[in-house]
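*Asks:* I would like to see how this sequence folds:
(one chain, ligands or ions: 2)
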Amino acid sequence: MSGTFSSVPQVDYSRLKDPSTRDDELTKLREAIFVVGFLYLTNTGLEDLIRRTHDDIPRLFELPDDVKEQCNMIHSPSFLGYTRLGAETTAAKTDIREQYDFGTPGMKDWTDRDPFWQRLEGPNQYPNYPGAQALVDEYIAKIDGLAQDFVHLVAESLALPTNTFDDFKGQMSRLKFVKYPQSAPNSQGVGPHKDSAGLFTFLSQDNTGGLQVLNKNGEWIDVPPIEGSLVINIQQGFEAITGGVCAATTHRVIAPTSRTRYSIPYFLGVRLDLTLKELKESAAHIVQRIPASDDRKKRAVDVPSEFLSPLYSCFGEAHLRNRILSHPDVGRRWYPELHAKYSQQILK
Ligand SMILES: O=C(O)CCC(=O)C(=O)O
Ligand SMILES: [Fe+2]
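*Replies:* Ligands and ions are numbered 1, 2, ... in the order given. Presented below is the predicted three-dimensional model:
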């Protein structure tokens, strides 16, 4: 197996569920996890939900500005709600996209006796449109069922006990509805980044294209749409838990030039109270049991990740820092001291 990739592999979920094809498909899953950090998952059984959701979301973006603004993220210390065009920054540049962020419903209210980063988990702000809440809640419930199962399959593909990663899962995951408007050629839909605060991302893109991933030779590889599939990628949370053996891959979206693009990423969250010490201990234990070459394990040790920085007390704080820097207006409003502190750290 070569050290890099020139396309994103496909893994068939129905074959993972069929005892006669399972082992072959688990091998493909393992290679995708080791070599690419990205894969398409096909035949998930969620095709109908995905189609319906794509049919509905343009209407949420066509709502009048004042309706969208009622649920602006600025009202939410949990960074949930609507973000208008041009209010988000990646790799120090403004992204050309508009979006709604939602979280797993039913989080308990934050009080000032809770840790400050716990405030990331909070109530949703739904757009005022008939059926919007039902659509979001149904999508989260169904994709989360698949996501939980997927994490078990990943553990099996790495020859680890099925429940190895269960202890790392957070209470709240995040769903986004994203709109990329038609833009000038080579505009930044979203700039180069690794997904940060979770285990895996489960993305449904429409049939426009524009998503690209960076291989180890520094080449941008297209991830063209495959109808009904989910594009799944490793986040920095999972990378840290596996000591870097399963690495998160940098990706970006080139803004569309001739039509609007919509996408729906679901970010499976990590437990916010996970500390660096706990993480290092479990990572050492897990890495030792993953059947990867010693070379891969050695190379993995020094993967830089904001989660491994001793500057942050736990995953929750690292995630909060990331949100504050991506959405500085929300950060300044709810966490002014932290905003000042984290902005300075970046200048160093
Ligand atoms: O819209 C997409 O296809 C990808 C979006 C993405 O990478 C992100 O929001 O983290
Ligand atoms: Fe991403």
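
*Asks:* and the closest residue to ligand 1 within the chain, what pLDDT?
*Replies:* Nearest residue of the chain to ligand 1 (Cβ to the nearest ligand atom) works out as S263 at 3.4 Å. C-beta: built from backbone N, CA, C; applies to glycine. pLDDT recorded at S263 is 98.

*Asks:* angles on the backbone of it, please.
*Replies:* phi -150, psi 160 (degrees, to the nearest 10).

*Asks:* quick check: residues of this protein near ligand 1?
*Replies:* Residues of the chain lying close to ligand 1 by Cβ under 6 Å from any ligand atom are 178, 190, 195, 203, 205, 211, 251, 253, 263, 265.

*Asks:* how about a cut-off of 5 Å?
*Replies:* Counting by Cβ under 5 Å from any ligand atom, the chain comes close to ligand 1 at 205, 211, 253, 263, 265.

*Asks:* in contact with the residue of the chain closest to ligand 1, which residues?
*Replies:* Residues in contact with S263, defined by Cβ atoms under 8 Å, 6 or more residues apart in numbering, are 176, 178, 180, 203-206, 211, 253.

*Asks:* among these, which are in strands?
*Replies:* Applying DSSP state E to the contacts of S263, the entries found in strands are 176, 178, 180, 203-205, 211, 253.

*Asks:* with pLDDT added, can I get those in CSV?
*Replies:* Output for the ones in strands among the contacts of S263, formatted as CSV (pLDDT from 0 to 100):
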residue, pLDDT
K176, 98
V178, 97
Y180, 96
L203, 98
S204, 98
Q205, 98
L211, 98
V253, 96
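
*Asks:* any chance of those in JSON lines with neighbour count and distance to K169 as columns?
*Replies:* Output for the ones in strands among the contacts of S263, formatted as JSON lines (neighbours: other Cβ atoms under 10 Å; distance: Cβ to Cβ, whole Å):
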{"residue": "K176", "neighbour count": "17", "distance to K169": "19"}
{"residue": "V178", "neighbour count": "23", "distance to K169": "24"}
{"residue": "Y180", "neighbour count": "27", "distance to K169": "30"}
{"residue": "L203", "neighbour count": "23", "distance to K169": "19"}
{"residue": "S204", "neighbour count": "25", "distance to K169": "21"}
{"residue": "Q205", "neighbour count": "23", "distance to K169": "25"}
{"residue": "L211", "neighbour count": "24", "distance to K169": "26"}
{"residue": "V253", "neighbour count": "26", "distance to K169": "27"}
